[in-house]
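Peer 1: I would like to see how this sequence folds:
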Amino acid sequence: MIVFHAPGEVPDGFGPSVVAIGKFDGVHSGHRAVIDRARVAAAEAGARVVAVTFDRNPLSLLRPELCPEPLVSLDQKLGLLAEAGVDATLVLRFDRALADLAPRAFVEHMLVGALGVVHVLVGDDFRFGKGGAGTPQTLAGMGEEFGFRTDVVGDIEGGGRRVSSTWVRDLLAAGDVADAARLLGRPQEVRGEVVHGLKRGRELGFPTANLSGHLEGFVPADGVYAGWLFDEGPDPDAPAHPVTRYPAAISVGTNPTFDDVHARQVEAYVLDEDALDLYDHRVRVAFTRRIRGMVAFSGIDALIAQMVNDVARVRDALGE
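Peer 2: The predicted model follows:
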């Protein structure tokens, strides 16, 4: 997938393009419904599928007190858009200049001038331009003038609720990673570097890969989870590097049995790989099922007994 970080990076004559516009936080099933429609339209028009999105949530500038934590990083989002079948993504820097851009200027310069748009797809809550003055109806009217079609893709619903990034975030915050995965179409993942920790897991017989506090992706509620660790190696950009998947028992929290962990940690015990050296490797950790919440134990023996039980339940959950 081609990535442009400004309209000026798009080469002349790039179009025709079918454009899907949105924040695409999480690239969940509702977003993919829009992209799938765009792919069909592009096939019919002999055009490219282009996503137009932003480098941050617009609320971070417009209403920072209301801005939620993102489900995915920009890098993760771009990877998910590529997997969804997008040919190119235009990532717009959401700054004051973009926020103050008139709806007509947005359409004329971003969509028509840069991308040669022939078809635009948006959700029914889409707003654009200064003060959110542009609506899907505004877009349709401009399409008649500039020669492109506008389609509004209705919501995907489940259980009487609209599939949204907010719903996914609520489920993850409650530890319900299984239902979140149903909305996302895949397990939630975090990505980071394996760093040295207190090595307490090794002392207890369960050596863990401790992820740096600088993680990409929304971390679910404290607890123990079944999931997978994907080793991307010390240089994930190396062209020939294989990605290896391991079954894992994943812990999220501060480990309340001890009083020397002051920040939430994500650590993964790779099943049956006690000698695995992942230090300084980039890894992805995918959460598939919550085993239990995070609790404090009365002593080391009780903690070890619970960890043995946790690993057995993880094996069962993963079919290992």
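Peer 1: dump stretch 267-277 to CSV, keeping only the CA atoms.
Peer 2: Output of stretch 267-277 as CSV, limited to C-alpha atoms (Å, rounded to 0.1, in the frame of the first residue of the first chain):
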residue,chain,number,x,y,z
GLU,A,267,4.1,-9.4,30.1
ALA,A,268,3.7,-12.6,28.2
TYR,A,269,4.7,-16.1,29.3
VAL,A,270,5.4,-18.2,26.1
LEU,A,271,4.2,-21.7,26.7
ASP,A,272,6.9,-24.4,26.7
GLU,A,273,9.7,-22.0,25.6
ASP,A,274,11.5,-21.2,28.9
ALA,A,275,14.8,-20.6,27.1
LEU,A,276,13.5,-18.2,24.5
ASP,A,277,15.5,-14.9,24.3
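Peer 1: average pLDDT across it?
Peer 2: Mean pLDDT, computed over stretch 267-277, is 89.
Peer 1: switch to numbering from 22
Peer 2: That works, and once the first residue is 22, the last one we named lands at stretch 288-298.
Peer 1: need the residues that contact that stretch.
Peer 2: 218, 222, 227-232, 248, 250, 267-272, 299, 304, 306, 332, 335-336, 341 (Cβ atoms under 8 Å, 6 or more residues apart in numbering). Where you see a C-beta, it was placed from the backbone N, CA and C, and this is true even at glycine.
Peer 1: got the contact list for the residue nearest to the spatial centre of the chain?
Peer 2: Centroid-nearest residue in the chain, with Cα atoms, centre = their mean: residue 93, separated by 2.9 Å. Counting by Cβ under 8 Å, 6+ apart, residue 93 touches 46-48, 101, 237-239.
Peer 1: just the ones of these in strands?
Peer 2: Per DSSP state E, strands hold no members of the contacts of residue 93.
Peer 1: rewinding a little: for the residue nearest to the centre of the chain, give me phi and psi.
Peer 2: The phi/psi pair for residue 93 (degrees, to the nearest 10) reads phi -140, psi 160.
Peer 1: same question for residue 327.
Peer 2: phi -70, psi -40.
Peer 1: with adjacent residues omitted, what lies nearest to it?
Peer 2: residue 318 (6.4 Å; Cβ to Cβ, 6 or more residues apart in numbering).
Peer 1: which helix or strand contains residue 306?
Peer 2: Element membership of residue 306, judged by DSSP states H and E, is strand 303-313.
Peer 1: what does residue 141 give?
Peer 2: strand 138-144.
Peer 1: quick one: residues in contact with that strand.
Peer 2: For strand 138-144, contacts defined as Cβ under 8 Å, 6+ apart pick out 36-43, 51, 55, 58-59, 62-63, 66, 68, 71, 132, 157, 160, 164, 167-174, 176.
Peer 1: how about 7 Å then?
Peer 2: Residues from elsewhere that reach strand 138-144 (Cβ atoms under 7 Å, 6 or more residues apart in numbering): 36-43, 55, 58-59, 62, 66, 68, 132, 157, 160, 164, 169-174.
Peer 1: out of these, which end up buried?
Peer 2: The neighbour count (16 or more other Cβ atoms under 10 Å) marks 36-43, 55, 58-59, 62, 68, 132, 157, 160, 164, 169, 171-174 as buried among these.
Peer 1: rewinding a little: does the residue nearest to residue 327 belong to a helix, a strand or coil?
Peer 2: Counting by DSSP: H, G, I helix; E, B strand; the rest coil, the backbone at residue 318 sits in coil.
Peer 1: alpha carbons only: can I get stretch 37-53 in CSV?
Peer 2: Written as CSV, here are the backbone C-alpha positions of stretch 37-53 (Å, rounded to 0.1, in the frame of the first residue of the first chain):
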residue,chain,number,x,y,z
PRO,A,37,-9.1,7.9,-10.8
SER,A,38,-9.7,6.9,-7.2
VAL,A,39,-12.6,5.7,-5.1
VAL,A,40,-12.1,7.4,-1.7
ALA,A,41,-13.2,6.2,1.8
ILE,A,42,-12.9,8.9,4.4
GLY,A,43,-12.8,8.4,8.2
LYS,A,44,-10.7,8.2,11.4
PHE,A,45,-10.7,4.4,11.0
ASP,A,46,-9.6,3.9,14.6
GLY,A,47,-9.3,0.1,15.0
VAL,A,48,-10.4,-0.6,11.4
HIS,A,49,-13.3,-2.5,12.8
SER,A,50,-16.1,-4.3,10.9
GLY,A,51,-18.0,-1.1,10.4
HIS,A,52,-15.0,0.5,8.8
ARG,A,53,-14.3,-2.5,6.7
